[in-house]
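J.: 3D model of this:
(one chain, ligands or ions: 2)
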Amino acid sequence: MEKKQELYRGKAKSVYATDDANHYIMYFRDDTSALDGQIIKQLDRKGRTNNHFNFFIMKKLEAAGIPVHVEELLSDRECLVKKLDMVPVECVVRNVSAGSICKRLGVAEGLELNPPTFEFFLKNDALHDPMVNDSHIISFGWGTQEQMDEMRRLSYKVNDVLKALFDEAGLILVDYKLEFGLYEGKLMLGDEFSPDGCRLWDKQTRKKLDKDRFRQGLGDVIEGYEEVARRIGCPL
Ligand code: ADP
Ligand code: UDP
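T.: Ligands and ions are numbered 1, 2, ... in the order given. Predicted coordinates:
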């Protein structure tokens, strides 16, 4: 498939048209952002690591029956995906408290959340991705109740698959963000799953091995991602 013009340049990835109207090429750059894009830094090997990581995880999810947009790994930084009409909300599942929920609710980091929580956030950097609920999503026309029910169901299904996968690798899946879109009217998991959009802690030491290493200036950011990849058997 031939790569055509860049259609969208996000904070970490670029989306390219192809000669097929139903497919895009997702290109993983080395850019790493924090504070809704106010801080951006290049990190060596990041694009490549996240591209391989995402492909590996998406294929595991597909094997578990979750519809995914990923089709083919084209190169170290490029992946062929189905062109989705994205639902402009982020779905966040949390197994353990960390990040924004601690600030919002004044709770300590590291509390086990049973059952895991589910939240929607509006994708809008200028507004710092505010939390929204079903009522907002319907009233403003960002999605239907049926789509939200399906996004919630699929997000929890992803949790069942990935909590077990990371647990076997000695890791705690603390939380993660998913994005969904429509392909021929059907909801599918889009965007990426990588340590950029989830939190992973070592089970024994609770060492952070995800993007919090960047957000909190802990150093060895990509080394953390590579360690996770190695432990789950993802080739880089
Ligand atoms: P952001 O837009 O948040 O800065 P990225 O840098 O990751 O994020 O850019 C990737 C963009 O591509 C996101 O806006 C995401 O919603 C969108 N996207 C991901 N997968 C698909 C897809 N299969 N079809 C269309 N758009 C997609
Ligand atoms: N997340 C993300 N993109 C966003 C917001 C959050 O990938 O725009 C991920 C984040 O990495 C974490 C989870 O979603 O794994 C929950 O994030 P949180 O709401 O705690 O926000 P944060 O404090 O990370 O901004």
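J.: Which positions within the top helix by length along the chain qualify as buried?
T.: Secondary structure of the chain per DSSP state H: the longest helix is helix 145-168. Buried residues in helix 145-168, counted by 16 or more other C-beta atoms under 10 Å: 147-148, 150-151, 154-155, 158-159, 161-163, 165-166. Yep, even glycine has a C-beta here, placed from its N, CA and C like the rest.
J.: The one residue in the chain that gets nearest to ligand 2: what's it in contact with?
T.: Nearest residue of the chain to ligand 2, counting by C-beta to the nearest ligand atom: G99, 2.3 Å away. Listed by C-beta atoms under 8 Å, 6 or more residues apart in numbering, the contact set of G99 reads 175, 199, 212.
J.: what about the second one, which helix or strand?
T.: Applying DSSP states H and E as the criterion places R199 in strand 198-202.
J.: Show residues contacting that strand.
T.: Residues outside strand 198-202 that contact it (C-beta under 8 Å, 6+ apart): 96, 98-99, 166, 170-177, 207-212, 228.
J.: Past that strand, which element shows up next along the chain?
T.: helix 212-215.
J.: Show me which residues of the protein are close to ligand 1?
T.: Residues of the chain found near ligand 1 (C-beta under 6 Å from any ligand atom) are 8, 10-13, 15, 24, 69, 81-84, 86, 179, 181, 190-191.
J.: List the ones among these that fall in helices.
T.: Judged by DSSP H, helices contain none of those.
J.: Just the buried ones out of those, please.
T.: Among these, those classed as buried by 16+ other C-beta under 10 Å are 12-13, 24, 69, 81-84, 179, 181, 190-191.
J.: mind checking the longest strand of the protein?
T.: strand 171-183 (DSSP state E).
J.: what inclination does that strand have with respect to helix 145-168?
T.: Calculated by axes from the mean of the first three to the mean of the last three C-alpha atoms, to 10 degrees, strand 171-183 forms an angle of 150 degrees with helix 145-168.
J.: So is strand 171-183 next to ligand 2?
T.: Yes. Residues of strand 171-183 contacting ligand 2 under C-beta under 6 Å from any ligand atom: 175-177.
J.: ok, back up a step: from the contacts of G99, which is closest to I40?
T.: Among the contacts of G99, D212 lies closest to I40 (C-beta to C-beta), at 16.8 Å.
J.: mean confidence for stretch 226-236?
T.: In this model, stretch 226-236 has an average pLDDT of 98.
J.: do the same with stretch 200-220
T.: Stretch 200-220 comes out with an average pLDDT of 98.
J.: before we move on, what about stretch 16-35?
T.: Here stretch 16-35 scores 97 as its mean pLDDT.
J.: Which residues in that stretch does the neighbour count mark as buried?
T.: Result for stretch 16-35 [16+ other C-beta under 10 Å]: buried residues 16-18, 23-34.
J.: Since that was my last question, I'll sign off now.
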